[in-house]
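Participant: my questions concern the predicted model and sequence given below.
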Amino acid sequence: MFEFQTQLDSGKLRCDICPRFCELNDGQRGLCFVRQNLDQNIVCTTYGRSSGFCIDPIEKKPLYHYYPGSSILSFGTAGCNLTCKFCQNWDMSKARMMDILQAEAAPEEIVSSAINNQCRNVAFTYNDPVIFYEYAIDTALACREEDINSIAVTAGYINPDPAIEFFKVMDAVNIDLKGFTENFYHKLCGGLLQPVLELLSYLVNETDTWIEITTLLIPDENDSEKELRSQCEWISENLGPDVPLHFSAFHPDYKMMDKSSTPISTLIYAKEIANDCGLNHVYLGNVKHEKGSNTSCHKCGSILIERNGYNISKWSLDSGECKICGTVCPGHFNPSADSWGNRTKRVSF
């Protein structure tokens, strides 16, 4: 049992899972809405209660260097510990009515469903798994017993000590790096940038968890040349050139309906900046672009994995190495591409 909580002199109980450090009276919920002080113990009220069960291509998370073409059983709960005004899953992450949770699913039942549907991966996604911490960890441990990979899709808004236990059982993660200024995080996300950067450094430099990063580019908010260059230089210097970076297109949603969608030209420019800063694997998401989803050899430039949507149309890797020049492509790869493709399959419990 993990007890990341502190009893305060005021009689309140502080939740220590994330940098919000919510101070809660008995019965009170944190900003995330799902962590609650019940009888002087912080509990996860959504444990075993989930929604959104769906089998997706792993590239949809997005993960492009972690068993490309394979299928992944995805699920989430309600609530979130950030308040992003541009949230694209707000119907779940901002939910306050518990009846949105459509099914009761114990960790072992999720694993059984993955096995029955021939999924080698399970994803904690849609809302942030940090807030259903205990449920995610127990499910990941159950997955490990059956040799199923556990993947977290998260904003990485978690404190250092809980992060150690959480990512110890995660095989891969996509970190949603919202922007690269404290002002952006404060104004649009209700959070802080620095804890996310510290987590990224920890994951890349001190764990074996496979890491990819996604940044949703919002016009006139986090897409300036200065901010993009600062972000890419930081990634190159602190995480290295081989961490895949996904630039994703914003579309109007939730509390930012007044913003226009991200032009594809902005994404292409961001990719050019990233490449100029030394990043080897940069991808474009939420748009159709002939080369934006292909994986290329960073040494000879040949296409290693050609994607049409989420379908893999070309595979030029041999034991994870470029067939042309023998350079190792960073990531985890099967001898040949899996073939789940563009399919999406709903799963019932």
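Facilitator: Good, I have the coordinates.
Participant: which residues touch residue 163?
Facilitator: Counting by C-beta atoms under 8 Å, 6 or more residues apart in numbering, residue 163 touches 199, 202. In short, each C-beta sits where N, CA and C put it, glycine included.
Participant: and with 10 Å instead?
Facilitator: 17-18, 130, 156, 195, 198-199, 202-203, 207 (C-beta atoms under 10 Å, 6 or more residues apart in numbering).
Participant: what is the nearest of those residues to residue 348?
Facilitator: Nearest to residue 348 out of those is residue 130 (C-beta to C-beta; 26.5 Å).
Participant: if I look at the closest residue to residue 8 other than its chain neighbours, how far off is residue 6?
Facilitator: In space, not counting the residues next to it along the chain, residue 8 is nearest to residue 14; the distance is 5.7 Å by C-beta to C-beta, 6 or more residues apart in numbering. Separation of residue 14 from residue 6 (C-beta to C-beta, to the nearest Å) stands at 4 Å.
Participant: residue 341: neighbour count?
Facilitator: 16 (other C-beta atoms under 10 Å).
Participant: how about it: what's its closest non-neighbour residue?
Facilitator: Closest to residue 341 by C-beta to C-beta, 6+ apart is residue 311, at 4.4 Å.
Participant: please produce a PyMOL select command covering the buried subset of the contacts of residue 163.
Facilitator: This is how PyMOL selects the buried members of the contacts of residue 163, with burial counted by 16 or more other C-beta atoms under 10 Å:
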select buried, resi 17+18+130+156+195+199+202+203
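Participant: test of understanding: give the bridge partners of the spatially most central residue of the chain.
Facilitator: Per C-alpha atoms, centre = their mean, the C-alpha nearest to the average position across the chain is that of residue 153, at 2.3 Å. Counting by DSSP bridges, residue 153 is bridged to residue 174.
Participant: check contacts around it.
Facilitator: Contacts here follow C-beta under 10 Å, 6+ apart; on that basis residue 153 touches 60-63, 72, 74, 76, 89, 123-129, 172-176, 212, 214.
Participant: redo that, cut-off 7 Å
Facilitator: Listed by C-beta atoms under 7 Å, 6 or more residues apart in numbering, the contact set of residue 153 reads 61, 123-125, 174.
Participant: can you check residue 28 too?
Facilitator: By C-beta under 7 Å, 6+ apart, the contact set of residue 28 is 36-37.
Participant: what count of nearby residues applies to the closest residue to residue 292 other than its chain neighbours?
Facilitator: Leaving out its chain neighbours, the residue that sits closest to residue 292 by C-beta to C-beta, 6+ apart is residue 284, at 3.2 Å. Look at residue 284: counted by other C-beta under 10 Å, it has 22 neighbours.
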